[in-house]
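1. Show me the folded form of this:
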Amino acid sequence: MPSADLPDGPDQFDQLAKMLRALMLMESMPRLQLSSTSEREDMRQAIDSGIDILANLKSYRNALASISFLPDELLSDIFYMVMIAEDAWSPMWCRLIFVCRRWHRIVMDNGRFWSWISEGKSFRHGYSRMKVWEKRSKGYPLSLKFRNKQSTPLFTRNSHRVRLLNVDGPKSDFIHFFGDVRDLPMLESLHVSLRNSNDQPATPIYLPSFLVQGGAPRLRLLCLDNVSFESGKELQLLANLTHLELTREIENREMQPALPSLEDFYNTIKLSPALHSLKIRHYIQIPSDVQHLPVISLPVLRLLDLNMDIQIIWSILRFLVFPPTTQTSFIARPTQHDDYIQGVKSLMIHVRRHLRHKDAPVLRSANIVCGNYLAFSFSHNDTCPNPLFVSDSEKPLHHILLYPASQRQNRQMIVKIINALPLQKLVVFNAMQVTCDNIEPDTESSQQQFSQETWRTLVRLLPVGITIRIGVNNAMLALL
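-> Numbering: from 1, shown residues only. Below you'll find the predicted structure:
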């Protein structure tokens, strides 16, 4: 039988290419007598040998490509970056292993490619794949993403090497998720988002205390959604976090007894001066009295997102110091039995202190939206997007959302917001989304988005010479 080895020179390659081209022409192929078993077996072996030669030729051609001169270690890093950029949880990146045998070997030999394990769209099909990837990960630290309680055994037997854990599903599925696990020594990132099932009573589920009592010493990123520890004071045991996200649906009242107080929250972030992002939504109890707390500095904070009662927001801003370049979002809800306008005044005093800094970015564009709320967004770019319709990476530099109860409150809030921010170099003001058809004079002011008087108040406060983009509404009448 002929050898499947590659030819060793250009002339032999040329000769082989001519022979293969000739064999492809059916009229040039000899009539084979395949009556005997031995002849058919010889032919099968010859074909298999030819297939091997073609595969080797493809490998040789791939070896001539520029990327093939990169070392395996560098190729592995490039492939891993591609996987992370596309979606590490999705198996779509696996098409890399079908390019050539070298790429296949590089990916199969490196456990980190198989360390991102999720159930995929269908648990029934994903479970077998998860077991294969678990074996291929070769002891590498795991990043796990689960939506189903059937994945619990995989987590339990690998708890010693879990680096990232993302749990998102109904509470009833994850009541016993942590089970007998008593520590997660490799855990760096924890994201838990639980929701009540429609057919189950709303009962609180608490995270195990070992997470804050030294059982997760490497934890740096913590995101909790509709779940908490048994006591808000347990959060004070966390330290050296870089990302903290605590969110709760406002209707989720069974969590309220376990929520941290403002002082608990203060003591928590005090132990994490290297925080990069801080996002809190309805997760802090309303204080009965606002105490004066010493200042805390977060010098590398990049994102501050607060969505809660206005009294808590301005109380946090009173003791928090962060860079003027920090991206901010404040959604301030009225506090019961308090003067909301007075709360807005207190809020904007602290916003002004942070944003009117000599090193603060110049605000060049603004966007206003009005419905049952009043929302201002500001950007240092020439256009300012609506933060409700863009990804986190595209959101404006500053966002403030308030809840006026009348046109008079609209005007009061507009005055306080615009006077608090450095808008001297504003170029574009986009009011296209403040539109309404109720410009008839008999329309109740409470049903109008902006009355003519409100528009006049707004326009008079804006810098001279800017571009104002409006639709057909009361703004046009006010400007005329």
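2. I'd say His243 and Leu222 touch.
-> Yes: His243 is within contact range of Leu222, at 7.1 Å (criterion: C-beta atoms under 8 Å). Yep, even glycine has a C-beta here, placed from its N, CA and C like the rest.
3. between the two, who's got more neighbours?
-> Leu222 (23 against 18; other C-beta atoms under 10 Å).
4. quick one: low-confidence ranges for this protein?
-> For the chain, the stretches with pLDDT under 70 are 1-36, 39, 59-64, 121-125, 197-202, 288-291, 336-338, 435-449, 471-480.
5. Would you tell me which helix is longest in it?
-> Determined from DSSP state H, the single longest helix within the chain is helix 37-63.
6. Give the next helix or strand downstream of that one.
-> With elements assigned by DSSP states H and E, the helix or strand that comes after helix 37-63 is helix 72-86.
7. Run the chain-centre distance for that next one.
-> 21 Å (C-alpha atoms, centre = their mean, to the nearest Å).
8. Could you do stretch 157-170 as well?
-> Here stretch 157-170 is found 18 Å from its chain centre; the criterion is C-alpha atoms, centre = their mean.
9. Show me which residues of it are buried.
-> Using 16 or more other C-beta atoms under 10 Å as the test for burial, stretch 157-170 gives Asn158, Ser159, Arg161, Val162, Arg163, Leu164, Leu165, Asn166, Val167, Gly169, Pro170.
10. Which residue is the nearest non-sequential neighbour of the fourth one?
-> I take that to be Val162. Counting by C-beta to C-beta, 6 or more residues apart in numbering, Val162 lies nearest to Leu142, which is 5.2 Å off, once chain neighbours are set aside.
11. which residues touch stretch 268-275?
-> Outside of stretch 268-275, the residues within contact range by C-beta atoms under 8 Å, 6 or more residues apart in numbering are 235-236, 238-244, 260, 278, 296-301, 320.
12. If we use 10 Å, what do you get?
-> 212, 220, 222, 232-244, 246, 260, 278, 280, 293-294, 296-304, 316, 319-320, 322 (C-beta atoms under 10 Å, 6 or more residues apart in numbering).
13. Please produce a PyMOL select command covering the buried subset of those.
-> Here is the PyMOL selection string for the buried members of the contacts of stretch 268-275, based on 16+ other C-beta under 10 Å:
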select buried, resi 212+220+222+232+233+234+235+236+238+241+242+243+244+246+260+278+280+293+296+298+301+303+304+316+319+320+322
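14. mind listing which of the contacts of stretch 268-275 are in strands?
-> Leu222, His243, Leu244, Leu246, Leu278, Ile280, Ile296, Ser297, Leu303, Leu304, Leu320 (DSSP state E).
15. Nearest to Pro91 among those residues?
-> Of all these, His243 has the smallest distance to Pro91: 27.0 Å, by C-beta to C-beta.
16. Provide the partner residues of that closest one in its beta bridges.
-> Beta bridges link His243 to Leu221, Ser277 when assigned by DSSP bridges.
17. before we move on, back to that, residues that sit against both of His243 and Leu222, list them.
-> Contact criterion C-beta under 10 Å, 6+ apart; residues shared by His243 and Leu222: Ser189, His191, Ser272.
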